[in-house]
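Enquirer: here you go, sequence then predicted model.
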Amino acid sequence: MKAEYDLSTMKARKNPYVSKLKKAVNLRLSDDVLTYFKEMETELGVPYQSLINLYLRDCVVQKKKMTASW
């Protein structure tokens with residue numbers, strides 16, 4: 001391994017993972033929902049935003065249909 005590398009000769013290329021990057025959104029959640037995921041955060045040691053994302057991703061993969069009753 002070299003002590004130094006000359007990166008100025010390196011060719012630029014596009015990031016192949018750019019399509020998989022996350023996007024920031026504003027989301028209004030009920031207090032009890034947020035409390036639930038924050039409690040899971042302390043139990044599992046995973047940030048609550050990641051837990052919410054994992055849950056929603058699971059819904060997408062399993063093509064879960066929501067039922068709403070008011």
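Expert: Received it, and whenever you're ready, just let me know what you need. Numbers count the residues shown, from 1 in each chain.

Enquirer: ok, which stretches of this protein are strands?
Expert: Counting by DSSP state E, the chain has no strands to list.

Enquirer: for it, which spans come out with low pLDDT?
Expert: For the chain, applying pLDDT under 70 flags no range at all.

Enquirer: what segments of the chain are helices?
Expert: Along the chain, the segments classed as helices by DSSP state H run 31-44, 48-61.

Enquirer: packing partners for the last one?
Expert: By that I understand helix 48-61. helix 31-44 (3 or more C-beta pairs under 8 Å, 6 or more residues apart in numbering; DSSP states H and E). All C-beta spots, glycine's among them, are computed from the backbone N, C-alpha and C.

Enquirer: which residues are contacting the helix it packs on?
Expert: 46, 47, 48, 51, 52 (C-beta atoms under 8 Å, 6 or more residues apart in numbering).

Enquirer: which parts of it are buried?
Expert: Applying a neighbour-count criterion of 16 or more other C-beta atoms under 10 Å, one finds 37, 41 buried in helix 31-44.

Enquirer: C-alpha coordinates for that helix, CSV please?
Expert: What follows is helix 31-44 as a C-alpha-only set of coordinates in CSV (Å, rounded to 0.1, in the frame of the first residue of the first chain):
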residue,chain,number,x,y,z
ASP,A,31,-48.0,11.1,20.0
ASP,A,32,-48.7,7.5,20.9
VAL,A,33,-47.1,6.2,17.6
LEU,A,34,-44.0,8.3,18.2
THR,A,35,-43.8,7.1,21.8
TYR,A,36,-44.1,3.5,20.7
PHE,A,37,-41.2,3.8,18.2
LYS,A,38,-39.0,5.8,20.6
GLU,A,39,-39.5,3.0,23.2
MET,A,40,-38.4,0.5,20.7
GLU,A,41,-35.4,2.7,19.9
THR,A,42,-34.2,2.3,23.5
GLU,A,43,-34.9,-1.4,23.6
LEU,A,44,-33.2,-2.2,20.3
